[in-house]
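A.B. asks: Provided below for reference: sequence and predicted model.
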Amino acid sequence: MLVNDTIVALSTPPGQGAIGVIRLSGPKAIAITDVFFKGRNLTKVEANTVHYGKIEDEQGKVIDECVATIFRAPKSYTREDVIELSCHGSPYILEQVIQICLRGGARMANRGEFTMRAFLNGQLDLSQAEAVADLIASENEASHDLAIRQMRGGFSDQIKELRQELIDFAALIELELDFGEEDVEFADRGKLEALVEKIKGVIKELLDSFHLGNVIKNGVATVIAGRPNAGKSTLLNSLLNENRAIVSDIAGTTRDTIEERLNINGIQFRLIDTAGIREAQDSIEKFGVERTLEKIGSSTVVVYMFDVISTKPEALWADVERFLNASKVLTANATRIFVANKMDLNPYTQPEDYYKEGMISKDNLLPVSALNKMNIEALKEMLYLAVVDNPASMDQTIVTNSRHFDALNKAFESLDAVLNGLRSGITGDFVAMDIRQALHQLGLITGEIHTDDLLDSIFTRFCIGK
């Protein structure tokens, strides 16, 4: 891919709107625009300035009136000369302006090419560039805040610091190899072991944060399950504070899943109301129950609801064994919350009667009245804490990218090999090999080590114009 040519693309969403922004980047961006922009001589204006003018085609026909914003290298997003044309948002106008740019010597940008140039020109490292895509895709406060922190380099700085510490020791090990015949030792093995233990500890914390980062980025799959008429649809409506699901006294009203989104303290939960779990009465209900079990199997949180009027403790325990334990559909790291519903109709029910060691306790059972919205706010708090064990952890570095997780995991394994080698007294060349592998994996995260295939895989996920 050429990085010394000039690219152009529409940077706002396609379709009709008040304004559409066309972006050019490259050595000829200003010269190409100056030919058709009639207002100021753009080749002579100062950087970081905005100018009003008209756009004319080669025949002198006025296409639009627009505003041109000038950024001169290296003080731009790509560290190249960049021009952004804010035109009226007519698809016809925008297409005409882009065609004029193409005829003037620019070419259409590939997906993510502006951000790729920012990376190749040293404006961003690779993990920061990926955070740009996460920022664009963020749908809630928590995912937005994580993307902002990563884009500003918090995660990158931590990885680079770890990598540099390891490089300093690796250099000493490599120096020993140059003096192999003289049996000298430049790297203190005790200090190296302590350093590797420290780096492993930091990487372990980052690896442990991935589960939280993943659910923040993609939303928390939260299944509301239970027997028919337990009040699941009423609970969904109460959580959303709207009548989203049909509520009826007739058992088996919900035959398929209903999915809605709920934001709790910046975390997005994907609430899934499911068909009641019981022996199906017909083929349609059977299909609904099967779908319910599938949803439970792929969930992060299961809210299992039961009716305190018709469900005795023994019946609840049997349901848990039958549908959540024996069926083995629940993911290993999923959280279970048990909701004792219709407490308003049976206020003398003792929640502790439903406790069972290793299954249900005061920590995961909540009495509610879904109809009267009793304890709904408490349930929201339980849902939030089921995902965020410690709210303070939201301010720490959190891994959200599966590529980063994979690289960290491999780096951790390589550091394990380093420790095993040091403790078993293997020669420096084998220790150096494992250190180099760990450095390679950490370098892949920030882009200090990269391949064309890796870059293509990352940047083709961006939109054109970014």
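C.D. replies: Now that the structure is in, tell me what you want to look at. The shown structure was predicted, so the numbers you read here are calculated from the model rather than taken from an experiment.
A.B. asks: what about residue 109, neighbour count?
C.D. replies: Neighbourhood size, residue 109 [other Cβ atoms under 10 Å]: 23. For the C-beta atoms, the positions are set from N, CA and C on the backbone; glycine is no exception.
A.B. asks: so it sits right up against residue 462, yeah?
C.D. replies: No: if you go by Cβ atoms under 8 Å, residue 109 and residue 462 don't touch, sitting 10.1 Å apart.
A.B. asks: domain-wise, how is the protein divided?
C.D. replies: 7-125, 131-213+401-447, 219-392 (automatic domain parsing).
A.B. asks: distance to residue 457 and mean pLDDT added to the ones you listed, as a markdown table?
C.D. replies: Output for the domains of the chain, formatted as a markdown table (distance: least, Cβ to Cβ, whole Å; pLDDT from 0 to 100):
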| stretch | distance to residue 457 | mean pLDDT |
| --- | --- | --- |
| domain 7-125 | 11 | 95 |
| domain 131-213+401-447 | 8 | 82 |
| domain 219-392 | 24 | 79 |
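A.B. asks: how about those domains in a markdown table, adding distance to residue 456?
C.D. replies: Shown next, in a markdown table, are the domains of the chain (distance: least, Cβ to Cβ, whole Å):
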| stretch | distance to residue 456 |
| --- | --- |
| domain 7-125 | 9 |
| domain 131-213+401-447 | 13 |
| domain 219-392 | 28 |
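A.B. asks: ranges for the strands of the stretch 151-300 of the chain?
C.D. replies: 220-226, 258-264, 267-273 (DSSP state E, counting those that start in this stretch).
A.B. asks: return the most buried member of these.
C.D. replies: Ranked by mean neighbour count, those are led by strand 220-226 with a mean of 26 (mean count of other Cβ atoms under 10 Å).
A.B. asks: what sits up against that strand?
C.D. replies: The contact list for strand 220-226 (Cβ atoms under 8 Å, 6 or more residues apart in numbering) reads 215, 232, 235-236, 267-274, 276-277, 292, 295-296, 298-306, 323, 339, 383, 387.
A.B. asks: keeping just the C-alphas, turn that strand into PDB.
C.D. replies: What follows is strand 220-226, C-alpha atoms only, in PDB (Å, rounded to 0.1, in the frame of the first residue of the first chain):
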ATOM      1  CA  VAL A 220     -24.000  -8.200  29.400                       C
ATOM      2  CA  ALA A 221     -26.200 -11.000  28.200                       C
ATOM      3  CA  THR A 222     -28.800 -11.300  31.000                       C
ATOM      4  CA  VAL A 223     -31.400 -14.100  30.800                       C
ATOM      5  CA  ILE A 224     -34.600 -13.900  32.800                       C
ATOM      6  CA  ALA A 225     -35.700 -17.500  33.300                       C
ATOM      7  CA  GLY A 226     -38.100 -19.500  35.400                       C
END
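A.B. asks: just how off-centre is it within its chain?
C.D. replies: For strand 220-226, the gap between its own C-alpha mean and the chain's C-alpha mean amounts to 21 Å (Cα atoms, centre = their mean, to the nearest Å).
A.B. asks: for residue 341, give its distance to residue 224.
C.D. replies: According to Cβ to Cβ, to the nearest Å, residue 341 stands 11 Å off from residue 224.
A.B. asks: mutual contacts of those two, please.
C.D. replies: By Cβ under 8 Å, 6+ apart, the residues touching both residue 341 and residue 224 are 235, 305.
A.B. asks: give me the buried subset of the contacts of strand 220-226.
C.D. replies: Among the contacts of strand 220-226, those buried by neighbour count (16 or more other Cβ atoms under 10 Å) are 215, 232, 235-236, 267-274, 276-277, 292, 295-296, 299-306, 323, 339, 383, 387.
A.B. asks: nearest residue to the middle of this structure?
C.D. replies: residue 217 (3.2 Å; Cα atoms, centre = their mean).
A.B. asks: circling back to that earlier point, quick one: closest of the domains of the chain to residue 453.
C.D. replies: Counting by Cβ to Cβ, residue 453 lies closest to domain 131-213+401-447 out of those; the figure is 11.8 Å.
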